[in-house]
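**Student:** the following block contains a protein sequence and its predicted model.
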Amino acid sequence: MGRYRVRVATGNSAFSGSNNQVQLWLVGLRAEVELGLRLRPARGQMEDFEVDVSEDLGPLQFVKLRKIHLLIKDAWFCNHITVWVFEQSMEEKEIVFPCYRWVEGDGIICLPETTAWMIRNESQGLFQKHQEEELKARRTLYGWVSWKKGIPLSVAAASEKDLPLDARFHEEKKVDFERTRVVGVTEIALKRLYTLLSSWNSLEDFDQIFWGGKSALAKRVRLSWKDDDFFGYQFLNGVNPTLLRKSSSLPTRLVIPPGTEDLKAQLERKLQEGCLFEVDFSLLAGIQANVIQGERQHLAAPLLMLKMEPDGKLLPMVIQLQLPGSDSPVPPLFLPSDPSLTWLLAKAWVKNSDFQLHELQAHLLKTHLMAEVFAVATMRCLPGMHPIFKLLIPHLRYTLEINTRARTKLISNGGFFDQAVNTGGGGHLDVLRRATTCLTYRSLCPPDDLADRGLLGVPSAFYAHDAVRLWDIISRYVQGIVQLHYLEDEVVRSDPELQAWCREITEIGLCKAQERGFPVSFQSRDELCHFVTMCIFTCTAQHSAVNQGQLDWYTWVPNAPCTMRQPPPTTKDVTLEMVMATMPNVHQACIQMTISWHLGRFQPDMVPLGHHKEQYFSGPGPQAVLNRFQEDLYTLEREIVARNESLDLPYEYLKPSRIENSITI
Ligand SMILES: CCCCC/C=C\C/C=C\C/C=C\C/C=C\C/C=C\CCC(=O)O
Ligand SMILES: [Fe+2]
């Protein structure tokens, strides 16, 4: 018995309130009581009321709530319920029941209090029963489907409309996304019209459709894209810093034609000096090229060799555009000393190939589709009271919707890949399949990946430096939360939901990825922390590193052509006509620029890393861990700002303030 003050907090997004009435129950260890209230929750409001309860409820464990609709069903977004208990001779006690979900229909929803997972064994099985019922419902809502064979599984949803309401964009996000699409489509149409009567026979003609005003760096790209150091820089710190690796030997595919022995001597000298690097696009070899509006596009599978200069510049040394084969046992090598247009076209072929592997492997597969697997497995295996659910859920916001939109608009039949990209038309799916077969756990963990690629401690590798710093900061955050909930390794080993989550990701979502180093169980807190750190890093920092740069590096189309309309050159006499006949046409270029802007632009409702408002945890312990996380991020922010001040090209993509807390675009 005692007096209770109850606070009902409603979300702040549009339509979060409801005209339906809401009924509440308090559920204690010894009894439960219906509060007899009928409140109509209002958007952005916290509504308090007090009740005297005659029964002895015992320690509160749940709040139950139900929305009652007479005629119209009006979904309500409940943030949380907070209860203060005033009991005789005891000071006031605050108990929080997090929700952060849509309340639809008229079913009863059960909210456990925030520390429930810690006391689940002393609750006469009440929490266990709640968890089982919750997961049974979630497994119905969030199903797996194999969208295309050979790539990670996705959420079962034919379009975003089929997703559960809790996985959907909130109104502000939806309005912005749709508006941006309309702006983009209108731009494409206007630019088509504008260029109908104009020339398209010089590289400067791309100016007619260029959106330089949206990014200072994009304007710099337009001015400097032909320079070799600017070209090399992009493999370290551009929109795709994931392919560059330090050479441990001359690649076997690099067949040196007779008469170019001095090149071989230069390469070997750089190798000995430990400053030879390579980017190998062999993954593209044999991929079927797209046919766009009846015009066959073309693909290459380049090898690029580069040398790291003492001043940190990375300069291209040689480009081989095709793998040696029966029809071309000694493919021509293109050199910086070749005629300028020949060398420029060879570099353009490298950047077109980089565009394919960046968008399909580094961006779509290794961030978006990985995050989707984490999201579906989390919803299917971890109850809302589980500490790893609470830790991860802010980093999974909107991902299922943006990925579903990608499957219906971007990589679908007739999608933007089919309309404007030379791996479109089905080749893009083969690239995804090939990339999936070499998607290792190590490649998603920067300390391992960058060590394997020989990029640790390289002074001009700013992505590498910032990625390792962020990994360490996120790792400390994850360890802080894990150590509050798992007091020894045995608690990890004996957590059935956690072990099921791990298996669901590796064996189901990633299709038996244990062969690629992914775990099928966690035997220790360290193993758990490493994996959860990888999840959060992938959903935040890594996506930022490969997404934001689309606006800066892809809107000047010649710097990263989305398609190539002529075969790769096999001789050194290249003309401007050949270059312009190879580069994307006006329509394809407009699509590239529009979508690159759509995806790379700053998201107006973005939540910066570590600054989500939802409070799934409560109490001083988790709050102190989160505070430390935010402080570490702010320290890194200041470090990066200071470092960038001395750089001609600042590296901004891993500045914490620019990293979104989840994958939403
Ligand atoms: C033609 C240039 C394509 C450039 C982008 C290619 C791949 C991007 C990789 C991952 C993107 C992931 C999610 C994007 C989801 C939806 C965006 C698709 C279309 C937006 C415009 C629209 O909805 O019509
Ligand atoms: Fe993205």
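**Tutor:** The structure has been received and is ready for your questions. Ligands and ions are numbered 1, 2, ... in the order given.

**Student:** my read is Cys78 is in a helix, agree?
**Tutor:** No - secondary structure of Cys78 (DSSP: H, G, I helix; E, B strand; the rest coil): strand, not part of a helix.

**Student:** that one against Leu39, yeah?
**Tutor:** No - using Cβ atoms under 8 Å, Cys78 is not in contact with Leu39, being 11.4 Å away. Placement of C-beta: from N, CA and C, glycine included.

**Student:** with neighbour numbers in mind, choose between these two.
**Tutor:** Legend: neighbour count by other Cβ atoms under 10 Å for Cys78 and Leu39, higher for Cys78 (26 against 17).

**Student:** okay, and the beta partners of that one?
**Tutor:** With DSSP bridges as the criterion, Cys78 is bridged to Thr10, Arg101.

**Student:** hang on, the earlier thing: intersection of neighbour lists for Cys78 and Leu39?
**Tutor:** Counting by Cβ atoms under 8 Å, 6 or more residues apart in numbering, the common neighbours of Cys78 and Leu39 are Val8.

**Student:** show me where the stretch 201-350 of the chain has its strands.
**Tutor:** 245-246, 276-280, 291-292, 295-296, 303-308, 314-320, 333-334 (DSSP state E, counting those that start in this stretch).

**Student:** and of the ones you listed, who's closest to ligand 1?
**Tutor:** Between ligand 1 and the strands of the stretch 201-350 of the chain, the shortest gap by Cβ to the nearest ligand atom is with strand 291-292, which sits at 11.1 Å.

**Student:** so the closest one, near ligand 1 or not?
**Tutor:** No - judged by Cβ under 6 Å from any ligand atom, strand 291-292 makes no contact with ligand 1; its nearest approach is 11.1 Å.

**Student:** so what strands line up beside that strand?
**Tutor:** When pairing is defined by DSSP bridges, strand 291-292 lines up against strand 295-296 (antiparallel).

**Student:** point out where the chain drops to low pLDDT.
**Tutor:** For the chain, the stretches with pLDDT under 70 are 87-90.

**Student:** got the residues of it near ligand 1?
**Tutor:** Contact residues, the chain versus ligand 1 (Cβ under 6 Å from any ligand atom): 181, 359, 363-364, 368, 402, 405-406, 409-410, 416, 420-421, 562, 591-592, 595-596, 598-599.

**Student:** how about 5 Å then?
**Tutor:** Applying Cβ under 5 Å from any ligand atom, one finds that the chain approaches ligand 1 through 181, 359, 363-364, 368, 402, 405-406, 409-410, 416, 420, 591-592, 595.

**Student:** quick one: buried ones out of the residues you listed?
**Tutor:** Buried by 16 or more other Cβ atoms under 10 Å: 359, 363-364, 368, 402, 405-406, 409-410, 416, 420, 591-592, 595, out of these.

**Student:** which parts of the helix or strand containing Gln131 are buried?
**Tutor:** Following DSSP states H and E, one finds Gln131 within helix 126-141. Of the residues in helix 126-141, Leu126, Phe127, His130, Gln131, Glu134, Leu135, Arg138 count as buried by neighbour count, 16+ other Cβ under 10 Å.

**Student:** can you tell me which of these is nearest ligand 1?
**Tutor:** Comparing the buried residues of helix 126-141 against ligand 1 with Cβ to the nearest ligand atom places Arg138 closest, at 24.1 Å.

**Student:** what about the closest residue in space to the closest one that isn't next to it in sequence, which helix or strand?
**Tutor:** Leaving aside its sequence neighbours, Arg138 sits nearest to Met379 (Cβ to Cβ, 6 or more residues apart in numbering; 5.1 Å). Counting by DSSP H and E, the element that carries Met379 is helix 370-381.

**Student:** now for that helix, which elements pack on it?
**Tutor:** helix 126-141, strand 154-155, helix 387-392, helix 399-409, helix 496-503 (3 or more Cβ pairs under 8 Å, 6 or more residues apart in numbering; DSSP states H and E).
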